[in-house]
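Novice: Quick one: sequence plus predicted model below, questions after.
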Amino acid sequence: MSRIADEILFTHIEVALAVASEATLVGLGADDPRTQRNARLDLARHLVERMQGLEIEGGTNAGRSSQPTLFPGDLSPIG
């Protein structure tokens, strides 16, 4: 997997928002919590559809199968 440049990711998200339906965007600012949630779900689905072809990985620990440590320099045993 290759890492996506921030600018490319930003552009994909910006375009996805620009072409999202007006009803979805209006729903994000609605007073009704259900309408807001439905709009968020619609927007999330839309973003997923647009970004299905992208490969995303996390920084330097992407090839490791274990969970990355909070303090990478401190790999000594606990205790």
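Specialist: Nice, thanks for sending it over. Residues are numbered from 1 along each chain as shown.
Novice: So for the biggest helix by length in the chain, mean pLDDT?
Specialist: In the chain, with assignment by DSSP state H, the single longest helix is helix 33-50. For helix 33-50, mean pLDDT rounds to 91.
Novice: quick one: residue 31 and residue 10, what's the gap?
Specialist: 30 Å (Cβ to Cβ, to the nearest Å). Placement of C-beta: from N, CA and C, glycine included.
Novice: Pick out whichever of the two has more residues nearby.
Specialist: Taking neighbours as other Cβ atoms under 10 Å, residue 31 and residue 10 compare with residue 10 leading, 11 against 6.
Novice: So which elements touch the least confident helix or strand in the chain by mean pLDDT?
Specialist: Within the chain, no helix or strand scores below helix 6-19, which has a mean of 83 by mean pLDDT, DSSP states H and E. Applying 3 or more Cβ pairs under 8 Å, 6 or more residues apart in numbering; DSSP states H and E, we find helix 6-19 packed against helix 33-50.
Novice: tell me which residues in the helix it packs on are buried?
Specialist: Using 16 or more other Cβ atoms under 10 Å as the test for burial, helix 33-50 gives 38-39, 42-43, 46, 50.
Novice: what's that helix packed up against?
Specialist: Secondary-structure packing of helix 33-50 (3+ Cβ pairs under 8 Å, 6+ apart): helix 6-19, helix 22-28.
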